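Q: Here's my sequence, what's the structure:
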Amino acid sequence: MKKMIAFLAVLCVMALSDAAAQSQPAAAEVSFSYTRQSGSGSNQFAVWIEDARGNYVKTLYATRFTASGGWERRPLSILQWVRQSGLAKLSKSQVDTFTGPTPKSGKLTYRWDGTNQTGIVAPAGEYRLFLEATLRNENRVVYSAVVPLSGTIAGAPRRNAEVKSEYFGAGSAERGMIDGVQVFIGE
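A: As a prediction, the model looks like this:
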């Protein structure tokens, strides 16, 4: 019985921690519809933040296949993120903080809390949120939006940011993997 109570207590603490993390104010949030594609050479994506000068700040999410070494077998897989993040120099524990399995189809949301990769609050200024997806082999898309960060993010009014997209490669048939990208700034 004591083990069961301890187990339930741990579950409650985990649930409260997750709820608290979800209620933290966001400097930016990206949402999009993801449709898993069949076949190899697809379904890889990463979401990350850079400062105004193009310096890497933090990865919010990257698919585990590419981040855990798949980039060496498939060098075209989310190649802009691989370069910007310095992935080749990151330890396994660092990579584990932002990777996950390729998700199921559906609406996905990733939030930036205004911190850098070490958890330190980034200085006020202009940042850029990126979403890069490998649609199939050399066909990929990069979405980006400017994200201004003021001294505080609590209480900032929520608004849409302009999202730009750039496609690479000739394969227009795979464009259905990522759709309806929206970036919100503030709470």
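
Q: How about Phe32: what's its closest non-neighbour residue?
A: Counting by Cβ to Cβ, 6 or more residues apart in numbering, the nearest residue to Phe32 once its immediate chain neighbours are dropped is Val181, at 4.4 Å. For every residue, glycine as well, the C-beta is placed using N, CA and C.

Q: Just give the number of residues close to that neighbour.
A: Val181 has 18 neighbouring residues, counting by other Cβ atoms under 10 Å.

Q: who's in contact with it?
A: Val30, Ser31, Phe32, Leu131, Tyr143, Val163, Ser165 (Cβ atoms under 8 Å, 6 or more residues apart in numbering).

Q: I'd say the second one and Lys107 touch.
A: Yes: taking Cβ atoms under 8 Å as the contact criterion, Ser31 and Lys107 are neighbours in contact, 6.3 Å apart.

Q: neighbour count winner among those two?
A: Ser31 (14 against 9).

Q: What distance do you get for the more buried one to Phe65?
A: Noted for Ser31: a distance of 23 Å to Phe65, by Cβ to Cβ, to the nearest Å.

Q: Can you show me the strands along this structure?
A: Assigned by DSSP state E, the chain shows strands spanning 28-34, 44-51, 56-63, 99-100, 106-112, 125-136, 139-149, 159-161, 164-168, 178-185.

Q: looking at those, which is buried most?
A: The highest average neighbour count among the strands of the chain, using mean count of other Cβ atoms under 10 Å, belongs to strand 44-51 at a mean of 24.

Q: what packs against it?
A: Packed against strand 44-51 by the contact rule (3 or more Cβ pairs under 8 Å, 6 or more residues apart in numbering; DSSP states H and E) you find strand 28-34, strand 56-63, helix 79-85, strand 125-136.

Q: Next, work out how far apart Ile120 and Lys58 are.
A: 10 Å.

Q: hang on, I meant Gly100
A: 15 Å.

Q: what's the answer for Ala52, then?
A: 15 Å.

Q: Just confirm Asn137 contacts Gly41, I think it does.
A: Yes: Asn137 is within contact range of Gly41, at 4.2 Å (criterion: Cβ under 8 Å).

Q: intersection of neighbour lists for those two?
A: Both Asn137 and Gly41 are in contact with Leu76, where contact means Cβ under 8 Å, 6+ apart.
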